[in-house]
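> no letters, just coordinates:
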């Protein structure tokens, strides 16, 4: 995890997890040191998340790794989403679009309701030149199990002042292709360091989807 300088960043820690670390400025915890996950590349220059060969698909059109997720998991292929809360992909796209619009407070609308107040209270205190930014972003594969979901993304994600400052993922099946069960991938995503690629964990609350914010 990141070490953070200044109280403003720790107060908005709930906005950090998910969206492949794009909200790294507020971290996934209020302290600790950065560590690499199995899905990230060495931290040099502009690291790229390790990618696997394009996964084969079954007769049903599902990727070969889908069965490893376990029973009751629905997998959807990469596609475009409009920002919103009607699906996990829409919630993740909402945060990406909020950052692109230079209106960071709106990204808190896509955090789970219990985290939104603290998110809005803190993120406005982050200097504009410390806000993360991203380019060439897209939603990758999405896996849903009940009221939880994991969303893959591609693109280049950068956070000023962090080391490494940027990382890139070009594989929409990255991490999913590790053939781990959904429960393990969820646990990994919830605790992933913010300066490396990870799946974005989402939760459904009152019929709407939001980015999961670890406490």
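Received it, and whenever you're ready, just let me know what you need. These figures come from a predicted structure and were not determined experimentally.

> which other helices and strands contact whichever strand or helix holds residue 167?
In this structure, residue 167 sits in strand 166-169 according to DSSP states H and E. For strand 166-169, the helices and strands in contact under the criterion 3 or more Cβ pairs under 8 Å, 6 or more residues apart in numbering; DSSP states H and E are strand 148-158. No exception for glycine: its C-beta is placed from N, CA and C like everyone else's.

> what lines up beside the strand it packs on in the sheet?
Pairing partners of strand 148-158, with direction, according to DSSP bridges: strand 133-145 (antiparallel), strand 166-169 (antiparallel), strand 200-205 (antiparallel).

> compute the inter-axis angle for the helix or strand just after the second one and strand 200-205.
With elements assigned by DSSP H and E, the helix or strand that comes after strand 166-169 is helix 182-190. Direction vectors for helix 182-190 and strand 200-205, defined by axes from the mean of the first three to the mean of the last three Cα atoms, to 10 degrees, enclose an angle of 110 degrees.

> contact partners of helix 182-190?
Residues lying outside helix 182-190 but in contact with it, judged by Cβ atoms under 8 Å, 6 or more residues apart in numbering, are 17-18, 37, 69-70, 73, 143, 145, 148, 150, 175-176, 178, 180, 198-201, 212, 214.

> quick one: low-confidence ranges for the chain?
Applying pLDDT under 70 to the chain flags residues 1-60, 194, 215.

> do that again at 50, thanks
Within the chain, the stretches falling below the threshold (pLDDT under 50) are 1-59.

> helices of that one, start to end?
Remark: helices of the chain, listed N- to C-terminal, are 7-11, 88-100, 113-123, 182-190; assignment by DSSP state H.

> just name the most buried of those.
Taking mean count of other Cβ atoms under 10 Å as the contact definition, the stretch among these with the greatest mean neighbour count is helix 88-100, which reaches a mean of 24.

> what separates it from the chain centre, distance-wise?
On the basis of Cα atoms, centre = their mean, to the nearest Å, helix 88-100 is displaced by 10 Å from the centre of the chain it belongs to.

> with stretch 119-134 instead?
Using Cα atoms, centre = their mean, the mean C-alpha position of stretch 119-134 is found 17 Å from that of the whole chain.

> ok, stretch 77-87 next?
In this view, stretch 77-87 has its centroid 14 Å away from the chain centroid, taken as Cα atoms, centre = their mean.

> and that stretch, what's buried?
Along stretch 77-87, the positions that meet the burial threshold by neighbour count (16 or more other Cβ atoms under 10 Å) are 81, 83, 84, 85, 87.

> contact partners for the second one?
Residues touching residue 83, when contacts are defined by Cβ under 8 Å, 6+ apart, comprise 90, 93, 94, 97, 98, 110.

> how about the last one, what does it touch?
Same thing as residue 110. Going by Cβ under 8 Å, 6+ apart, residue 110 touches 83, 85, 91, 92, 94, 95, 98, 210, 211.

> in JSON lines, list the residues you listed along with distance to residue 138.
Written out in JSON lines, the entries for those read as follows (distance: Cβ to Cβ, whole Å):
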{"residue": "83", "distance to residue 138": "14"}
{"residue": "85", "distance to residue 138": "19"}
{"residue": "91", "distance to residue 138": "15"}
{"residue": "92", "distance to residue 138": "10"}
{"residue": "94", "distance to residue 138": "14"}
{"residue": "95", "distance to residue 138": "14"}
{"residue": "98", "distance to residue 138": "16"}
{"residue": "210", "distance to residue 138": "20"}
{"residue": "211", "distance to residue 138": "17"}
